[in-house]
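Undergrad: can't give you the sequence, but here's the structure:
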């Protein structure tokens, strides 16, 4: 069962959307002493990364999850320096998404280390003016004489890391900057009524802003209207302005400005009506009222003036007389024959009844809101429809070819994951195995990485070429250790996984095998036998002959080994090729030593290997048939440096796709 591979692999490197114009920092002499060894912010931890090598730049925007930040919120974050003890560090966020870090508020923090591998704690507040959505964070390390390093400039030594950032709307409202009457004589306002809200606007002293959201509220409906009345006081030329946060994003935009009036006489009365837009979100939202002397043109937050402000609550319900709008989701969207799917109603407009139809499933229909355990027994792509209703009408949504049902395939016929390595640092690798007696065209296959419970992959690896019968293929992280990279056939960001990230092997875009559960975040890891998907090596059991999407059963198909175990990588033991017995081979070749090894320095020598075996993997077995080392035969007669073995007799075996098999005794003697 030696790996025999005849393929070329094509890796599509996905660029982070919109970031093609970001400057590329440079270093004249990156030397591996000045680097970023760790970075922790919000939901992301990326520690013990060491020096990335090359030009000193590493882009994590696709290989790691986006850092989740919220406008206006304060965050603590850590960075860990490298070996040199006096490097400068600085962090930027492209708040306005303009592909640079040049704006005044985009440099969020900086620090200097004084010890090797020192961890520094810093704080920052996400700018209130930040644009929501995906953007980029940059952290730079540099040995520099300038007080503050630049995001793009060249420095002699250092390292730069870029991360994806997802900025969400604020959940904290700004506090109006009002100053009371501040010497102005008179009464600014006598009172306000708005729906069922009634306020006297009496401010004898500070604070000049009152948050009444928990005590004063009124109700409204989407598409409806609310009447209000405002009474001015004894100061002429005062202005009232009102905002309502229709989209509940903790900010009052121009479209959420609902009323303004300025008085021309004492105790003037203003009657007004506010229409609730059809786009308003239902639930509790905030009303803001500001009254100022000469307050024309004030904003909801920061325009300081002589006056007062109050906040109230508006409870918005669905519009009266409106039919619902049907919507739904399903998990999973791809299922093996005999598997089940759970459906979730996402309909708007408060439906009260639901009718589901599931083509090709059992049961084929349901009347509950969120049907679960719908079973599909036949391969195909099936439609799903939902009709939802309330007293004001109904709506139907039909999705053709919505649920993919795949045949798992007969044993020893379809590719599957055969090994998974999640080790220290970036020691990550995935192995696939062809159990078929014939080569398999790989152009239809891909591997997808789903981080932290995601339902869509953030990285995909597409294959080309073919994989020979009973052969294995290894993909590793590009920053894995040299021992892993020496056994890898290709490197890819799809191997930048942690123990709680799911992987799928797909054929023609449909998943056929899985490690972990797509759409599920188990916390730190999934348990697998005596180990887990974190800090372990997992090897598919020899009796497994087909892929599986059912992780509940599939997690029992693996053998667990301690972190750092790579002795099986590149060679898979499967019953599909009849197995290989090696223990009896020792006696057959005891009298024919053709390879030998001196334990002084571990130099292994061989000669007279058949030409068709050059480039194939050799395995060394001890007397119990356990693999103790492996390497690639690079010539018919040559030598290789290896880890010293204990004195004794071993078996060395090489097998290719042709008829030749090289099986010889290996004698190890310290005194040789």
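TA: Sure thing, it's come through. These numbers were taken from a predicted model, which means no experiment stands behind them.

Undergrad: measure stretch 199-212 end to end?
TA: 10 Å (Cα to Cα, to the nearest Å).

Undergrad: can you give me the helices for the stretch 451-600 of the chain?
TA: Taking DSSP state H, counting those that start in this stretch as the criterion, the stretch 451-600 of the chain contains helices spanning 482-485, 551-554, 585-588.

Undergrad: Next, the buried residues of stretch 348-356.
TA: 349, 350, 351, 354, 356 (16 or more other Cβ atoms under 10 Å). Every residue, glycine included, has its C-beta placed from N, CA and C.

Undergrad: Oops, could you answer that again for stretch 469-483 instead?
TA: Under 16+ other Cβ under 10 Å, the buried positions of stretch 469-483 are 470, 471, 472, 473, 474, 475, 476, 477, 478, 479, 480, 481.

Undergrad: any chance of these in TSV, with distance to residue 133 and pLDDT too?
TA: Formatted as TSV, the buried residues of stretch 469-483 follow (distance: Cβ to Cβ, whole Å; pLDDT from 0 to 100):
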residue	distance to residue 133	pLDDT
470	48	87
471	44	90
472	41	92
473	37	95
474	37	95
475	31	96
476	33	95
477	28	94
478	29	92
479	29	92
480	33	92
481	37	92
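
Undergrad: Can you say which two of those are spatially most distant?
TA: 470 and 479 (30.4 Å; Cβ to Cβ).

Undergrad: which one of the helices of the stretch 451-600 of the chain has the lowest average pLDDT?
TA: Of all the helices of the stretch 451-600 of the chain, the minimum mean pLDDT falls on helix 585-588 (a mean of 30).

Undergrad: Give me the below-cutoff pLDDT ranges for the stretch 401-550 of the chain.
TA: Scanning the stretch 401-550 of the chain for pLDDT under 70 picks out the ranges 408-410.

Undergrad: Please enumerate the strands of it.
TA: Under the criterion DSSP state E, counting those that start in this stretch, strands of the stretch 401-550 of the chain are mapped to 416-422, 428-433, 440-441, 445-450, 459-462, 466-467, 472-476, 490-491, 502-507, 510-515, 527-528, 531-532, 536-540.

Undergrad: Over to the stretch 201-350 of the chain?
TA: Counting by DSSP E, counting those that start in this stretch, the strands of the stretch 201-350 of the chain are 209-211, 217-221, 225-232, 238-244, 257-262, 269-275, 283-293, 307-317, 328-331, 334-336, 340-345.

Undergrad: give me every residue that touches residue 257.
TA: 241, 242, 243, 300 (Cβ atoms under 8 Å, 6 or more residues apart in numbering).

Undergrad: Residue 566: neighbour count?
TA: Using other Cβ atoms under 10 Å, residue 566 has 22 neighbouring residues.

Undergrad: Quick check: phi and psi at it.
TA: With angles defined as degrees, to the nearest 10, residue 566 sits at phi -130, psi 10.

Undergrad: The contacts of residue 257, buried ones only, as a PyMOL selection?
TA: Burial among those is assessed by 16+ other Cβ under 10 Å; the matching PyMOL selection reads:
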select buried, resi 241+242+243+300
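
Undergrad: Identify the farthest-apart pair in the contacts of residue 257.
TA: Longest span within the contacts of residue 257, Cβ to Cβ: 242 and 300, 9.2 Å.

Undergrad: residue ranges with poor pLDDT in the stretch 251-400 of the chain?
TA: In the stretch 251-400 of the chain, residues with pLDDT under 70: 319-321.

Undergrad: returning to what we had before: please identify the most buried of the strands of the stretch 201-350 of the chain.
TA: Most buried of the strands of the stretch 201-350 of the chain, by mean neighbour count (mean count of other Cβ atoms under 10 Å): strand 238-244, with a mean of 24.

Undergrad: contact partners of that strand?
TA: Against strand 238-244 from outside (Cβ under 8 Å, 6+ apart): 188-189, 192, 194, 228, 230, 232, 252, 256-263, 270, 274, 285-296, 298, 300, 307, 314.

Undergrad: Setting aside sequence neighbours, what's the nearest residue to residue 37?
TA: residue 80 (4.4 Å; Cβ to Cβ, 6 or more residues apart in numbering).

Undergrad: Just say helix, strand or coil for that neighbour.
TA: With DSSP: H, G, I helix; E, B strand; the rest coil as the basis, the three-state label of residue 80 is strand.

Undergrad: got the contact list for it?
TA: Residues in contact with residue 80, defined by Cβ under 8 Å, 6+ apart, are 36, 37, 38, 39, 47, 117, 118, 119, 120.

Undergrad: Out of the residues you listed, which end up buried?
TA: With neighbours counted using 16+ other Cβ under 10 Å, the contacts of residue 80 contain these buried positions: 36, 37, 38, 39, 118, 120.

Undergrad: Out of those residues, name the ones that lie in helices.
TA: In helices, defined here by DSSP state H, there are no members of the buried ones among the contacts of residue 80.

Undergrad: Among these, which one lies nearest to residue 52?
TA: residue 36 (8.7 Å).
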